[in-house]
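Visitor: Fold the stuff below for me.
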Amino acid sequence: MSGFSPAEKRPWFLPLNNPPVVPAARASHMRDDDPVVGVLVGDHARAYPWWILANYHLVNDTFLTSEDPGGYLWPESMTGTGEPGYPWFPMIPVVVSLCEACSGAAAFVPIPTDEAKPLTFTLVEKTTSSSYRALGTFTIADLETQSRWHPLTGYAHSGPFTGAHLQRLPAFVDHWGAWARDHPSTTVVLAGDEMRTRPHVIALPGVLEPAAAHSSLREVRLHRPELVDHRLPAAELVLGAGDVDTGAAVAVTLAALRRHGGAVQTELGGRPILFSLSGDYRGVILDRDLDGTRLEFRSRSDALVDRDGGIWDRLGTCRSGLHVGRQLTLVPDGYLSKWGEWSLAHPNAEIIG
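Guide: Model (predicted):
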């Protein structure tokens, strides 16, 4: 078919849009050892199976944030029943990206500025003539302005939105059994088992194995060797953060983060940050500055403890103590990935061992 063959690719690749979901209790299509991308929007959790996402790489989704109507499209006078009609529900748009080459995943609210409407994203073919192309992963663009964005940092590098960034949401790589256990009310994207058998999925390396590497990372090493950072193996999983304003970047290997009890605090461009890990792979990077106060933490079991004895969960919410109810913000450019991709997006980064 013209336009779909490898020799004549489309410049735009179709994402997965508002996929069907089911509650965890009805997820008979899932296996406990299935890798998933788990996303949190407030109190709502959703899992995106790796074997589905690998066929699309990108999802434009919507989370309903309340089961109570936020209003009605038809007033009572229009329905003839004395009741309003066509309820609408409060919702938040979400865009989710997956780079199966580097085990990197991210989720964002696709509203880059207060004045902007929600954006819809698609994948863009890599071309040397483009003013921006991702090196270790694919490129995405919003359909509204065709600005190009890095799918894991959430920053725009060309087009009308150049310099803008999307608000990051907690997004984690994990196995379905662990995610469903810790988030029993989660929903999960639904698809038939035939997606598991597609050649693109079958050929994937072990996505959570530190020794696994994908061909796209090897391609960069072959054709752009001057960009390769050999300080860590290309397939080493790291949790890293970058600062666009200062150019500073710092990464900690998952192995080192586990050795430190799942918590490492440092600075990024003069800003105090915290690397936090729960479970095997659920890493977040949090800003430790709270109203001008630099918080200091120590790790305790599955919790974080501040200097005043306050207890915080691993996602940065204070559960008891002086700051109870407060939430630390996510570092905008902070995500889990393999070193081969992450170091290309953040050259000359500091490494915490």
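
Visitor: Quickly find the element holding the residue most central in space within the chain.
Guide: Closest residue to the average C-alpha location of the chain: Ala106 at 1.3 Å, with Cα atoms, centre = their mean. Element membership of Ala106, judged by DSSP states H and E, is strand 104-109.

Visitor: if we can go back for a sec, in contact with the residue nearest to the centre of the chain, which residues are there?
Guide: Each residue near Ala106 by Cβ atoms under 8 Å, 6 or more residues apart in numbering is listed here: 96-97, 151-154, 168, 171, 335. Glycine gets a C-beta too; all of them are placed from N, C-alpha and C.

Visitor: Does Ile273 touch Thr266 like I think?
Guide: Yes. The pair Ile273 / Thr266 is scored as a contact, 6.2 Å apart, by Cβ atoms under 8 Å.

Visitor: Same drill for these two, tell me which one is more crowded.
Guide: Ile273 (22 against 16; other Cβ atoms under 10 Å).

Visitor: doesn't the more buried one fall inside a helix?
Guide: No. Counting by DSSP: H, G, I helix; E, B strand; the rest coil, Ile273 is located in no helix; its state is strand.

Visitor: And it, how close does it get to Gly316?
Guide: 11 Å (Cβ to Cβ, to the nearest Å).

Visitor: which residues do the two both contact?
Guide: Here Ile273 and Gly316 have Leu286 as joint contacts, going by Cβ under 8 Å, 6+ apart.

Visitor: where are the low-confidence patches of the stretch 101-250 of the chain?
Guide: 126-133, 200, 203-221 (pLDDT under 70).

Visitor: circling back to that earlier point, name whatever forms a beta bridge with the residue nearest to the centre of the chain.
Guide: Ser97 (DSSP bridges).

Visitor: who touches both of Ile273 and Thr266?
Guide: Val250.

Visitor: those helices in the protein, which residues are they?
Guide: For the chain, the helices defined by DSSP state H cover 50-53, 76-79, 176-182, 199-202, 215-223, 254-259, 339-345.

Visitor: Which of these sits closest to Ser28?
Guide: Among these, the nearest to Ser28 by Cβ to Cβ is helix 176-182 (12.0 Å).

Visitor: Counting neighbours, which bits of that closest one end up buried?
Guide: 176, 178-180 (16 or more other Cβ atoms under 10 Å).

Visitor: want to throw the residues you listed into a markdown table with distance to Lys117?
Guide: Shown next, in a markdown table, are those (distance: Cβ to Cβ, whole Å):
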| residue | distance to Lys117 |
| --- | --- |
| Trp176 | 34 |
| Ala178 | 36 |
| Trp179 | 31 |
| Ala180 | 34 |
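
Visitor: Closest one to His44 out of those residues, please.
Guide: Using Cβ to Cβ, those come closest to His44 at Trp179, 13.5 Å.

Visitor: Report the contact partners of the residue lying closest to the closest one once chain neighbours are set aside.
Guide: Nearest non-adjacent residue to Trp179, counting by Cβ to Cβ, 6 or more residues apart in numbering: Gly38, 4.7 Å away. Gly38 makes contact with 45-48, 171-174, 179, 183, 186, 282, according to Cβ under 8 Å, 6+ apart.

Visitor: try 10 Å
Guide: Listed by Cβ atoms under 10 Å, 6 or more residues apart in numbering, the contact partners of Gly38 are 45-48, 105, 107, 170-176, 178-180, 182-183, 186, 188, 279, 281-282.

Visitor: re earlier: ok, which of the helices of the chain comes nearest Thr65?
Guide: Between Thr65 and the helices of the chain, the tightest spacing by Cβ to Cβ is seen for helix 176-182, at 20.0 Å.

Visitor: got the contact list for the closest one?
Guide: For helix 176-182, using Cβ under 10 Å, 6+ apart, the contacting residues are 23-25, 27, 30-38, 45-47, 49-50, 172-175, 186, 188, 278-282.

Visitor: Near the nearest residue to Leu330 once chain neighbours are set aside, how many residues? Count them for me, please.
Guide: Leaving aside its chain neighbours, Leu330 sits nearest to Arg168 (4.8 Å; criterion: Cβ to Cβ, 6+ apart). Per other Cβ under 10 Å, the neighbour tally for Arg168 reads 22.

Visitor: so Arg168 touches Val109, yeah?
Guide: Yes. Between Arg168 and Val109 a contact is recorded at 8.3 Å, counting by Cβ atoms under 10 Å.
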